[in-house]
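> Curious how this folds, go ahead:
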Amino acid sequence: METQFLIILVLAIIFGLYMAWGIGANDVANAMGTSVGSGALTIRRAVILAAILEFSGAFLAGSHVSETVRKGIVDPALFAGDGLSFMLGMLAALLAAGVWLQFASLKGWPVSTTHSIVGAVIGFGVAYGGISAVHWDMVGQIALSWIVSPLLSGIISYLIFRLLLRHIFFKHHPLRAAKKLAPYIVFTVFAILSLALVFKGLKNLNLDLNLPEALVVAMGVGLLASLISLWLVSLMPDQEGEDKQDDQEAVTDPSVVKALEKAIKHLERVHSTAPKRMKRELSDTLDEVKRLRFESQRKYEFHTNTVEYQRVEKLFVYLQILSASLVAFAHGANDVANAIGPMSAVISVAMAGGASIAAESPVPLWVLGLGGIGIVIGLATWGWRVMETIGHKITQLTPTRGFCAEFGAATTIVIATKLGLPISTTHTLVGAVLGVGLARGIGAVNFSIVREIIISWVITIPAGAALAIAFFYGLRLFFM
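This is a model prediction of the structure:
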């Protein structure tokens, strides 16, 4: 192999790892950000769990055939007979996307890694072949995802959270209501997540399941999970021993409240038949007993509801962690291609001596593993920055709210994938968190942060393109 191609090969591995690091630092945090924000997971545990699932998704279910140019933005035939320019362009795209992702992660902006590499490919395509070299209709579809993804997931998450409020939190006994609904919720969650995994996370394994077959599998998984949850919920007591308190100053026994109610009835009867000289004193006594009854009832109900709300949130911790885990696995399986696609394309052309440029190129197993490692390192080092934005800065999250956001995002992925709508996982999750926040009222959302995030989405493609053009010309000066 010529020295020039060997240098390009080494640069492809370095830039590919850098891009994968950027994916881990920015995109992966979306899947776990809600779990960290709600307190379901600590940052340390979220990083460990996401690292395992992202690497597993990338290595076990990542695509073994990569598109030469992502999303059909530029026709590979444009570079026929000029393999060196193609390789330099892909190197420039990887470096540009990596730099933009690093900058966005530094700012805590959750941006789309797919849009980052697409913007970079547009940049070197324009630099090499002019404006006409880019398929602008495809770019238009991507721009449409800025609206479709967050709007659809926001609406779904809003409706799910309002449903939980109405059927659980607004009930007199929220824990009892949650236990009744748990099997149905678990069935729906597992069915939707199974569909998301089949359509989004395992599509690279070529399972070739059509919609009816996927629905049967998903419903089977959902039914099994709901039966298990029904058994587990039946083992749960309505009130844990640790919830009972002996401190009567803090919590009034319900029997005391009933005794006070009986005393009020007796005093009212005595008051109605008592002589006039006693009525005033009896009225004062009656008012005092009523006050005691009101205070005792209020303290009892407040304590009971607070404890029940806490236990309802505990129920949803497990569902939230599960949904976040499957989103992380699906993300690793799909978005690792944003790094290894251009990298494997450069490697295949370099190995062929720059002679042939195929529309698709094989992805060696070691390249998949390399991409997975890069993602894990990025998550472990800088992932907390975007987690902070998703989990804390947009709106305050609890396990139920975080679950609604994750579940809304997963549902959106299933719907959009089957309808062929352009979608971004990042935009979907941000929209879902925003929807949950709006379900609590406009005041619950930090719109200054939302404005920053939307601006970062809009400038992702032009920023990637501008950086790629600069790097492309820089590399050409060095190699040509």
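
> so how far is stretch 77-97 off the chain centroid?
When distances are taken as CA atoms, centre = their mean, to the nearest Å, stretch 77-97 is centred 32 Å away from the chain's centroid.

> my read: Ser456 touches Lys107, true?
Yes - the pair Ser456 / Lys107 is scored as a contact, 7.4 Å apart, by CB atoms under 8 Å. Placement of C-beta: from N, CA and C, glycine included.

> And the two? Which one has more around it.
Set side by side, Ser456 and Lys107 show unequal neighbour counts under other CB atoms under 10 Å, the larger going to Ser456 at 19 against 14.

> what sits against the closest residue in space to the more buried one that isn't next to it in sequence?
Setting aside the residues directly before and after it, Ser456 is nearest to Trp109 in space (CB to CB, 6 or more residues apart in numbering), at 4.0 Å. With contacts defined as CB atoms under 8 Å, 6 or more residues apart in numbering, Trp109 is in contact with 26, 386, 389, 452-453, 456.

> try 10 Å
By CB atoms under 10 Å, 6 or more residues apart in numbering, the contact set of Trp109 is 26, 101, 103, 385-386, 389, 426, 430, 449, 452-457, 459-460.

> From these, list just the buried residues.
26, 101, 103, 385-386, 389, 426, 430, 449, 453-454, 456-457, 459-460 (16 or more other CB atoms under 10 Å).

> From those, which land in helices?
Of the buried ones among the contacts of Trp109, the ones assigned to helices by DSSP state H are 26, 101, 103, 385-386, 426, 430, 449, 453-454, 456-457, 459-460.

> Can you lay out these as JSON lines showing distance to Pro183 and pLDDT?
Conversion of these to JSON lines gives the following (distance: CB to CB, whole Å; pLDDT from 0 to 100):
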{"residue": "Asn26", "distance to Pro183": "37", "pLDDT": "91"}
{"residue": "Leu101", "distance to Pro183": "41", "pLDDT": "96"}
{"residue": "Phe103", "distance to Pro183": "46", "pLDDT": "96"}
{"residue": "Arg385", "distance to Pro183": "38", "pLDDT": "87"}
{"residue": "Val386", "distance to Pro183": "35", "pLDDT": "90"}
{"residue": "Thr426", "distance to Pro183": "32", "pLDDT": "85"}
{"residue": "Val430", "distance to Pro183": "31", "pLDDT": "92"}
{"residue": "Ile449", "distance to Pro183": "37", "pLDDT": "92"}
{"residue": "Ile453", "distance to Pro183": "36", "pLDDT": "93"}
{"residue": "Ile454", "distance to Pro183": "39", "pLDDT": "91"}
{"residue": "Ser456", "distance to Pro183": "41", "pLDDT": "93"}
{"residue": "Trp457", "distance to Pro183": "38", "pLDDT": "91"}
{"residue": "Ile459", "distance to Pro183": "46", "pLDDT": "94"}
{"residue": "Thr460", "distance to Pro183": "42", "pLDDT": "94"}
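
> Could I get the buried residue list for the strand or helix carrying Gly372?
Assigning secondary structure by DSSP states H and E places Gly372 in helix 365-388. Taking 16+ other CB under 10 Å as the basis for neighbour counts, the residues of helix 365-388 that come out buried are 367-368, 370-380, 382-388.

> which intervals of the stretch 151-300 of the chain have sub-threshold pLDDT?
Counting by pLDDT under 70, the stretch 151-300 of the chain contains low-confidence residues at 199-208, 236-255, 257, 294-300.

> need the helices for it, in chain order.
Along the stretch 151-300 of the chain, the segments classed as helices by DSSP state H, counting those that start in this stretch run 174-196, 211-234, 254-273, 276-335.

> Need the winner for burial among these.
By mean neighbour count, with neighbours taken as mean count of other CB atoms under 10 Å, helix 174-196 ranks first of the helices of the stretch 151-300 of the chain at a mean of 21.

> elements contacting that one?
Taking 3 or more CB pairs under 10 Å, 6 or more residues apart in numbering; DSSP states H and E as the contact definition, the neighbouring helices and strands of helix 174-196 are helix 136-164, helix 211-234, helix 276-335, helix 399-419.

> Run the chain-centre distance for whichever strand or helix holds Leu91.
With secondary structure defined by DSSP H and E, Leu91 is part of helix 83-107. What separates the centre of helix 83-107 from the centre of its chain is 25 Å, taken as CA atoms, centre = their mean.

> which strands and helices sit next to the helix or strand just after that helix?
Taking DSSP H and E as the definition, the helix or strand that follows helix 83-107 towards the C-terminus is helix 113-129. Contact here means 3+ CB pairs under 10 Å, 6+ apart; on that basis helix 113-129 packs against helix 3-26, helix 83-107, helix 136-164, helix 276-335, helix 337-351, helix 425-438, helix 447-479.

> Tabulate the ones you listed in JSON lines, adding columns for distance to Leu197.
Formatted as JSON lines, the entries for the helices and strands packed on helix 113-129 read as follows, by distance: least, CB to CB, whole Å:
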{"stretch": "helix 3-26", "distance to Leu197": "19"}
{"stretch": "helix 83-107", "distance to Leu197": "25"}
{"stretch": "helix 136-164", "distance to Leu197": "17"}
{"stretch": "helix 276-335", "distance to Leu197": "6"}
{"stretch": "helix 337-351", "distance to Leu197": "17"}
{"stretch": "helix 425-438", "distance to Leu197": "14"}
{"stretch": "helix 447-479", "distance to Leu197": "26"}
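
> Which of these has the lowest mean pLDDT?
Within the helices and strands packed on helix 113-129, the stretch with the lowest mean pLDDT is helix 276-335, showing a mean of 75.

> now that helix against helix 211-234, angle please.
Using axes from the mean of the first three to the mean of the last three CA atoms, to 10 degrees, the inter-axis angle of helix 276-335 relative to helix 211-234 is 140 degrees.

> Mind listing what's buried along stretch 108-118?
Of the residues in stretch 108-118, those scored as buried under the neighbour-count criterion (16+ other CB under 10 Å) are 108-118.

> ok, so of the ones in helices among the buried ones among the contacts of Trp109, who is nearest Ala50?
The shortest approach to Ala50 among those belongs to Val386, at 11.8 Å (CB to CB).

> give the contact list for the residue lying closest to the closest one once chain neighbours are set aside.
Nearest residue to Val386 in three dimensions, chain neighbours excluded: Ala29, at 3.7 Å (CB to CB, 6+ apart). Ala29 makes contact with 36, 43, 46-47, 50, 105, 108, 110, 378-379, 382-391, 426, 429, according to CB under 10 Å, 6+ apart.

> which SSE is Ala29 in?
Using DSSP H and E, Ala29 sits in helix 28-38.

> Now the element after that helix, going C-ward?
Per DSSP H and E, the first helix or strand lying C-terminal to helix 28-38 is helix 43-61.

> Next, report how far that next one is displaced from the centre of its chain.
Its chain's C-alpha centre and that of helix 43-61 lie 14 Å apart, by CA atoms, centre = their mean.

> what angle separates that helix from helix 365-388?
Relative orientation of helix 43-61 with respect to helix 365-388: 150 degrees, computed using the same axes, to 10 degrees.

> Can you give me the buried ones in helix 43-61?
Residues of helix 43-61 classed as buried: 43, 46-47, 49-51, 53-59, 61 (neighbour count, 16+ other CB under 10 Å).
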